[in-house]
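Novice: Generate coordinates for the sequence data below:
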Amino acid sequence: MDLTPYLETLRSDLSAAAAPGGPETTRAADLLGHALEASARLALLQALSDAAAEITTRLHGPVVDVRLRGRDADLVVTQPVVEPDIDLPPAPAPPVDGGDLARLTLRMPEALKTHVEQAAAAEGISVNAWLVRAVSVAAGGASSPPSPPSRRGGPGKRITGFAQA
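Specialist: Residues are numbered from 1 along each chain as shown. Here you go, the predicted structure:
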């Protein structure tokens, strides 16, 4: 992409804005336009780089780069290389019991959340225990990890809020 036409337009606009000030002001604007060319070119390249980075984050796959060739900028779109599937033995499933616990925030549609709560209540276990079991089965772990004992107070009862000491 040749940036020269954009810089010439900027220089022409600067001269036109200075024209009502007379020939001396127009001459000063012309000199200023030439002096600012390198800075304006750099600003345009930065704008192109920022745009390429934003486009890349929204594409989820292809990468957009700005490459300099002399005084010109080229926009290059590259696809990530996908390695062919290699038949590797499946990784062993992590142990379900024991080990450190990790906290995970899960977002799901309200209708699915209601369905999960109903399924957990029907089995007399917490939503967390139901989800851990479902994820374990989906990840190829034990076909049915032991269900934890239900909480005191029975299924579907919970207390929310905070406490201050």
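
Novice: can you give me the helices in this structure?
Specialist: 4-18, 23-35, 37-59, 110-123, 127-138 (DSSP state H).

Novice: Would you mind listing the residues in contact with the residue lying closest to V64 once chain neighbours are set aside?
Specialist: Nearest non-adjacent residue to V64, counting by Cβ to Cβ, 6 or more residues apart in numbering: A52, 4.2 Å away. C-betas here are computed from N, CA, C, even on glycine. Neighbouring residues of A52 by Cβ atoms under 8 Å, 6 or more residues apart in numbering: V64, D65, V66, L75.

Novice: quick one: L131 from Q118, how far?
Specialist: The gap separating L131 from Q118 is 13 Å, by Cβ to Cβ, to the nearest Å.

Novice: These two: which is more packed in?
Specialist: L131 (17 against 13; other Cβ atoms under 10 Å).

Novice: looking at the helices of the chain, which is closest to A102?
Specialist: Nearest to A102, of all these, is helix 127-138, at 11.0 Å by Cβ to Cβ.

Novice: Domains of the protein: list them as residue ranges, please.
Specialist: 4-78, 100-156 (automatic domain parsing).

Novice: Present those as JSON lines; the columns should include mean pLDDT.
Specialist: Formatted as JSON lines, the domains of the chain follow (pLDDT from 0 to 100):
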{"stretch": "domain 4-78", "mean pLDDT": "85"}
{"stretch": "domain 100-156", "mean pLDDT": "75"}
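
Novice: wait, which of the contacts of A52 is closest to R107?
Specialist: V64 (28.9 Å).

Novice: can you tell me how far the residue nearest in space to the middle of the chain sits from V77?
Specialist: When Cα atoms, centre = their mean is applied to the chain, the residue found nearest the centroid is T57 (5.8 Å). Using Cβ to Cβ, we find T57 at a distance of 14 Å from V77.

Novice: How about V137?
Specialist: In terms of Cβ to Cβ, V137 sits 41 Å off from V77.

Novice: Those two: which is more packed in?
Specialist: V137 (15 against 12).

Novice: From N128, how far off is the more buried one?
Specialist: According to Cβ to Cβ, V137 and N128 sit 15 Å apart.

Novice: can you count the residues close to A29?
Specialist: Neighbour tally, A29, other Cβ under 10 Å: 19.

Novice: quick one: contacts for it?
Specialist: Per Cβ under 8 Å, 6+ apart, neighbours of A29: L14, S15, A17, A18.
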